[in-house]
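S.K.: The following comprises the amino acid sequence and a computationally predicted model.
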Amino acid sequence: MFINKRVWSLSLTILALAMTLQFASCSTANQSAEVKSAASATPATTSTADHPVKIVRLDPAFDKLVPPDAKVEKLAEGYNWVEGPVWNRRENYLLFSDIPSNSIYKWKEGEGASLFLKPSGYTGKEPFQGKEPGTNGLTYDSEGRLVACEHGDRRVSRLEADGKTKTTLADRYQGKRLNSPNDLTYRSNGDLYFTDPIYGLPKGADDPQRELDFCGVYRLSKDGKLTLLTKEITRPNGIAFSPDEKKLYVASSDPDKAIWMVYDIQPDGTTANGKVLFDATAWVKEGKQGLPDGMKVDRDGNLFATGPGGVHVFSPQGKLLGTFDTGVPTANCSWGNDGSTLYITADKALLRVKLSTKGAIL
């Protein structure tokens, strides 16, 4: 068959142009997919949660704490496992830990989330062998300095005013290294109380570098003396005082004994008369996500405690009043703004809800 050379040349040109356009279209689609994937891992700006948290009201007393139109907002997401929220009242922002990434993030209204400190809890030269190297619980001392529980470096540290220098407050008990400090709270007299389970050790309870054969709850007095308060809790975790500081609450994140304990504070600052405030072991067996973890107490002594199923609200006597069912493992919470906003670290996201009650701002 005879084909005119000019027609053949024109056909080849059209074919080449079509192939070029098709390749460009595919490339653009691939680039768009990559951008979308990267964006989804970036902390989001303030927005309503895609799957709103279910607020479960079990007692009329709950309605006095949580407004009928209360909504839980999702402020930031895309992290690994967030913990330790604490409000900076001087500069009006929230800090929280992302433990696996060895980072502390800052969230501020109108600005969103940004990296505040990295590395946060592990400063070793060799790569960390475990899953949780970073800081966990965070708080502020009376001078406004950030105090943190560090998993990887196995200590309680204070970040000095220059924002760079760290001072070790506690890293050993009777000459032996702590396991991995988890959560902490100050008493008004300046004594620091903290928990020390094994979650930051690369191999947990069986880690060869473990030096203490128990998990403790401690008091670090103003003069630097470290006192063991109790070692009866298998996995001590969240810790908080009642408003009058006569009671100390400690969560146990042992799935076989998922409980919240309450202790009387003695005149010398030690604990006594420990008893179970609430037992959530059955919830764990039912498959509810999470374990007793961080908590805060409002001005009337009600506990807002993270645990299996979300954030539970208990009366001072241990009666369950209601729950913020987050649908994911939920690690901790903190008062913020004027004290009536509860910030929640829920798995990979930061949430908040406006309440009718208030808690103390550090």
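M.R.: That came through, no problem.
S.K.: which residues in the stretch 151-300 of the chain form helices?
M.R.: 281-286 (DSSP state H, counting those that start in this stretch).
S.K.: Give me the contacts around the host helix or strand of Thr139.
M.R.: Thr139 is located in strand 135-140, with elements delineated by DSSP states H and E. Residues from elsewhere that reach strand 135-140 (C-beta atoms under 8 Å, 6 or more residues apart in numbering): 83-86, 88, 95-97, 99, 104, 120-121, 146-151, 180-186, 194, 199-200, 294, 332, 362. (C-beta placed from N, C-alpha, C; glycine too.)
S.K.: isn't Arg352 right up against Ala70?
M.R.: No. In this structure Arg352 lies outside contact range of Ala70 using C-beta atoms under 8 Å: 10.7 Å.
S.K.: continuing past the strand or helix carrying Ile55, what's the next helix or strand?
M.R.: Following DSSP H and E, one finds Ile55 within strand 54-57. Sequence order places helix 60-63 as the next helix or strand after strand 54-57, per DSSP H and E.
S.K.: Quick one: mean pLDDT for that next one?
M.R.: Averaging pLDDT along helix 60-63 gives 98.
S.K.: Please list the outside residues in contact with it.
M.R.: Here helix 60-63 has contacts from Arg57, Val313, Ser315, Leu321, Gly322, using C-beta under 8 Å, 6+ apart.
S.K.: Next up, the contacts around Phe96.
M.R.: Val82, Glu83, Gly84, Pro85, Val86, Ile104, Tyr105, Trp107, Leu138, Tyr343, Thr345, Leu350.
S.K.: Quick one: work out the angle between the helix or strand that contains it and strand 135-140.
M.R.: Per DSSP H and E, Phe96 falls inside strand 93-98. Interaxial angle, strand 93-98 versus strand 135-140 (axes from the mean of the first three to the mean of the last three C-alpha atoms, to 10 degrees): 160 degrees.
S.K.: ok so, going back, drop anything exposed from the contacts of helix 60-63.
M.R.: Val313, Ser315, Leu321, Gly322 (16 or more other C-beta atoms under 10 Å).
S.K.: Quick check: the nearest residue to the first one once chain neighbours are set aside vs Glu143, distance?
M.R.: If you skip the residues right next to it in sequence, Val313 has Leu321 as its closest partner in space, 4.6 Å away by C-beta to C-beta, 6 or more residues apart in numbering. Here the criterion is C-beta to C-beta, to the nearest Å. By it, Leu321 lies 36 Å from Glu143.
S.K.: Mind checking which of the contacts of strand 135-140 are in strands?
M.R.: Within the contacts of strand 135-140, residues falling in strands by DSSP state E are 83-86, 88, 95-97, 104, 146-150, 184-186, 194, 332.
S.K.: Filter those down to the buried ones.
M.R.: Looks like these have 83-86, 88, 95-97, 104, 146-150, 184-186, 194, 332 buried, using 16+ other C-beta under 10 Å.
S.K.: Tell me the pLDDT of the most centrally placed residue in the chain.
M.R.: Most central in the chain under C-alpha atoms, centre = their mean is Glu83, positioned 1.1 Å from the mean C-alpha point. On the pLDDT scale, Glu83 is placed at 98.
S.K.: Tell me which residues touch it, please.
M.R.: Phe96, Ser97, Asp98, Ile99, Thr135, Asn136, Gly137, Gly294, Ala331, Asn332, Thr345.
S.K.: quick one on the thing from earlier: just give me the closest of the buried ones among the contacts of helix 60-63 to Gly112.
M.R.: Val313 (28.4 Å; C-beta to C-beta).
S.K.: With secondary structure added, can I get the contacts of helix 60-63 in CSV?
M.R.: Putting the contacts of helix 60-63 into CSV (DSSP: H, G, I helix; E, B strand; the rest coil) gives the following:
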residue, secondary structure
Arg57, strand
Val313, strand
Ser315, coil
Leu321, strand
Gly322, strand
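S.K.: Thr357: which of the residues you listed is nearest?
M.R.: Val313 (9.4 Å).
S.K.: is the closest one in a bridge, and if so with what?
M.R.: Phe304, Gly322 (DSSP bridges).
S.K.: Of Arg352 and Ala70, give the one with the bigger neighbour count.
M.R.: Arg352 (22 against 15; other C-beta atoms under 10 Å).
S.K.: and the helix or strand hosting the more buried one with strand 82-88, angle?
M.R.: Here Arg352, judged by DSSP H and E, is contained in strand 349-354. Strand 349-354 runs at 40 degrees relative to strand 82-88, counting by the same axes, to 10 degrees.
S.K.: In this structure, where is pLDDT below threshold?
M.R.: For the chain, applying pLDDT under 70 flags the ranges 1-51, 362.
S.K.: 50 instead?
M.R.: Applying pLDDT under 50 to the chain picks out residues 1-49.
S.K.: circling back to that earlier point, in the strand holding Ile55, what counts as buried?
M.R.: Neighbour-count burial for strand 54-57 [16+ other C-beta under 10 Å]: Ile55, Val56.
S.K.: Output the contacting helices and strands for it.
M.R.: If you count contacts as 3 or more C-beta pairs under 8 Å, 6 or more residues apart in numbering; DSSP states H and E, strand 54-57 packs onto strand 320-325.
S.K.: Packing partners of the strand it packs on?
M.R.: strand 54-57, helix 60-63, strand 310-314.
S.K.: got TSV for those, with distance to Leu169 too?
M.R.: Shown next, in TSV, are the helices and strands packed on strand 320-325 (distance: least, C-beta to C-beta, whole Å):
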stretch	distance to Leu169
strand 54-57	38
helix 60-63	37
strand 310-314	29
